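> structure of the sequence below:
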Amino acid sequence: MKLQCDVEVVNRMLPTFGMKSRGKGSRAVLCIGKHLDKTSQRCSVYLMICTAKDRTGSKYKLKDNIEKFFTWFVEEGKATADANSLKNFLSAARLADRGSDASSLPLSTLTPVRARDVEQPKKKLTIVSKKDYPLTSSFPYSLEQLQVSYCKLSRVDTRMLSLKALRKLDLSNNHIKKLPATIGDLACLSELVLHSNHLEAFSEALCLSTLQRTLQLLDLSQNRLQSLPAQFCQLRELVNLKLDDNKLVSLPFHVGRLAKLRFLSAAHNQLAVLPGDFRKLRLENLDLFGNPFVQPNTLDHTMQLTFPVSLQELASRAVANLRIPYGPHLIPAHLCRDLELAKTCDCGRFCINFYIKTAVSMNLHQVSHTVVLVDDMGGTDAPVQQHFCSLSCYSEFLDNSLRRGIR
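Numbering: from 1, shown residues only. Next comes the predicted model:
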């Protein structure tokens with residue numbers, strides 16, 4: 001049995017001579033196997049430790065030679081080796097210490113190791129040429145940063161999705177059209193860079209995956225996205241979001257829920273108006289240059305009201321206004337989806353599917369410290385949606401707007 005890990009061998013007599021151990025482990029290969037004891041001319045089970053400085057290895061007899069096994073770090077997941085492999089290795093060492101029959105132990109040949117076996121685990125790998133892309137070998141399991149660019153990938157390689165320590169994945173400048181939902185299984189992923197691909201959608205499954213708790217940077221610029229799902233705003237750890245040079249006609253309805261977002265760029269899209277929730281953002285840098293924003297006029301509106309208001313609408317408004325808990329286990333799923341898209345009226349109450357909608361001008365400095373000009377004319381204003389739950393709320397808004405001379 002062999003195990004690759006970081007090992008520190010400590011001589012407990014050092015303090016007696018006023019010396020300290022260096023307190024740092026070295027990359028090593030541990031082996032358990034048989035070795036002929038030249039003194040007794042008997043084969044015994046030994047533990048062999050091979051390092052970069054000593055590839056031939058140092059051997060330690062196991063039988064009746066271990067005072068105690070410490071397994072706290074194994075149980076808490078703090079060991080530098082794979083937890084399951086380490087548990088099996090310690091189990092074999094314990095059996096050898098007790099003198100168990102060697103035939104029942106998973107033994108290895110005690111031979112010198114190769115140099116690559118005792119190298120430090122590779123944490124970063126950059127591939128920027130198709131000829132360098134590995135076709136037959138696997139990616140190092142220890143990778144924390146992986147960049148694969150200019151390789152003409154049409155899909156995400158499934159071998160990348162098994163890299164459980166991966167923190168940054170850069171697949172920019174490829175031909176990827178669709179993202180697998182299993183990217184959401186990368187439990188440590190904090191940066192996902194996908195600019196300059198052929199993406200046409202960002203799936204709901206990714207928004208509801210473990211990326212909710214880990215993803216801080218997402219670069220989707222220079223793709224073919226026309227919209228983002230409502231669930232996109234579940235990625236609440238996002239700090240930096242890049243959406244430039246797509247075909248987006250709108251931003252997610254509840255974009256204001258991205259409370260940690262500090263950098264947002266969505267330049268050169270097809271945005272005509274921003275969602276009302278946009279007002280809740282608190283950014284450090286905002287870039288919306290090159291979007292065909294409409295010139296807002298409070299008298300231009302969309303009327304989506306019926307008289308009288310339907311009972312379903314009244315009930316849904318009551319649930320939203322009174323903050324009554326709901327879910328698919330209590331009400332139909334389509335009503336849950338409607339409630340997730342509840343609009344806030346100027347009066348502070350909610351409306352669901354029946355409302356009056358218009359657009360008002362907002363200076364983007366209200367939501368961001370630094371603002372890139374919206375157009376070549378030097379403006380920093382953009383239209384934001386405004387909803388009203390009734391005719392009386394809309395009329396009161398118009399009266400106030402006219403008094404302030406706003407059109």
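> quick one, grab the pLDDT at V372.
Among the per-residue scores, V372 holds a pLDDT of 94.
> tell me what it is bridged to.
Beta-bridge partners recorded for V372 (DSSP bridges): D287.
> could you give the number of residues near it?
Per other Cβ atoms under 10 Å, the neighbour tally for V372 reads 15. Placement of C-beta: from N, CA and C, glycine included.
> that one is in contact with L286, isn't it?
Yes - contact criterion Cβ atoms under 8 Å: V372 and L286 qualify, at 6.9 Å.
> any common contacting residues for those two?
S265 (Cβ atoms under 8 Å, 6 or more residues apart in numbering).
> ok, longest helix in the chain?
Identified as the longest helix of the chain according to DSSP state H is helix 83-97.
> okay, now the domains of this protein?
Using automatic domain parsing, the domain ranges for the chain come out as 2-118, 124-270, 301-364+380-403.
> just to revisit the earlier point, show me what the longest helix of the chain is packed against.
strand 2-7, strand 26-37, strand 42-51, helix 72-75 (3 or more Cβ pairs under 8 Å, 6 or more residues apart in numbering; DSSP states H and E).
> packing partners for whichever helix or strand comes after it?
Next along the chain after helix 83-97, taking DSSP states H and E as the criterion, comes strand 124-127. Contacts defined by 3+ Cβ pairs under 8 Å, 6+ apart place strand 124-127 against strand 145-148.
> ok, the strand it packs on: who's next to it in the sheet?
strand 124-127 (parallel), strand 168-170 (parallel).
> for the record, mean pLDDT for that strand?
96.
> contacts for it?
123-128, 133, 139, 157, 160, 163, 166-172, 174, 193.
> equivalent analysis for stretch 129-139, please.
For stretch 129-139, contacts defined as Cβ under 8 Å, 6+ apart pick out L125, I127, L146, V148, Y150, C151, K152, R159, M160, L163.
> what is the mean pLDDT for it?
88.
> quick one: buried residues of it?
F139 (16 or more other Cβ atoms under 10 Å).
> now the end-to-end length of it.
Using Cα to Cα, to the nearest Å, one end of stretch 129-139 lies 16 Å from the other.
> what about that stretch, distance to the chain center?
Computed by Cα atoms, centre = their mean, to the nearest Å, the chain-centroid distance of stretch 129-139 equals 24 Å.
> same check on stretch 256-275?
Distance of stretch 256-275 from the chain centroid (Cα atoms, centre = their mean) equals 19 Å.
> end-to-end on that stretch?
Terminal residues of stretch 256-275 lie 9 Å apart, using Cα to Cα.
> helices along this protein, start to end?
With DSSP H as the criterion, the chain has helices spanning 72-75, 83-97, 204-207, 211-214, 311-321, 333-340, 391-403.
> with the contacts of stretch 129-139 in mind, which one is nearest to S203?
M160 (17.1 Å; Cβ to Cβ).
> does that closest one really touch D170, like I thought?
No - contact criterion Cβ under 8 Å: M160 and D170 do not qualify, at 10.8 Å.
> thinking again about what came up before, which of the strands paired with strand 145-148 comes out lowest on mean pLDDT?
For these, where the average pLDDT is lowest is strand 124-127, sitting at a mean of 94.
> where does this structure have its least confident helix or strand?
Least confident helix or strand, the chain: helix 72-75 with a mean of 68, by mean pLDDT, DSSP states H and E.
> do you know the pLDDT at V118?
For V118, pLDDT reads 66.
> and what of G378?
79.
> any stretches of the stretch 101-250 of the chain with poor pLDDT?
For the stretch 101-250 of the chain, residues meeting the criterion pLDDT under 70 lie at 102-103, 116, 118-119.
> give me that answer again for 80
101-111, 113-121 (pLDDT under 80).
> and the strands in it, which stretches?
124-127, 145-148, 168-170, 191-193, 217-219, 240-242 (DSSP state E, counting those that start in this stretch).
> figure out which of the ones you listed is closest to H268.
Closest among those, using Cβ to Cβ: strand 240-242, at 11.7 Å.
> show me what the closest one is in contact with.
195, 216-221, 258, 261-265.
> need the residues you listed in JSON lines with neighbour count, can you?
Output for the contacts of strand 240-242, formatted as JSON lines (neighbours: other Cβ atoms under 10 Å):
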{"residue": "H195", "neighbour count": "19"}
{"residue": "Q216", "neighbour count": "18"}
{"residue": "L217", "neighbour count": "17"}
{"residue": "L218", "neighbour count": "22"}
{"residue": "D219", "neighbour count": "20"}
{"residue": "L220", "neighbour count": "23"}
{"residue": "S221", "neighbour count": "23"}
{"residue": "L258", "neighbour count": "24"}
{"residue": "L261", "neighbour count": "23"}
{"residue": "R262", "neighbour count": "17"}
{"residue": "F263", "neighbour count": "17"}
{"residue": "L264", "neighbour count": "24"}
{"residue": "S265", "neighbour count": "19"}
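> of the residues you listed, closest to K34?
Within the contacts of strand 240-242, the smallest distance to K34 is 50.8 Å, found for Q216 (Cβ to Cβ).
> make a markdown table from the helices and strands packed on helix 83-97 and add mean neighbour count and distance to L314 to it.
Shown next, in a markdown table, are those (neighbours: other Cβ atoms under 10 Å; distance: least, Cβ to Cβ, whole Å):
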| stretch | mean neighbour count | distance to L314 |
| --- | --- | --- |
| strand 2-7 | 18 | 64 |
| strand 26-37 | 18 | 68 |
| strand 42-51 | 19 | 74 |
| helix 72-75 | 12 | 55 |
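> adding distance to L305, write those out as TSV.
Putting the helices and strands packed on helix 83-97 into TSV (distance: least, Cβ to Cβ, whole Å) gives the following:
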stretch	distance to L305
strand 2-7	68
strand 26-37	70
strand 42-51	77
helix 72-75	61
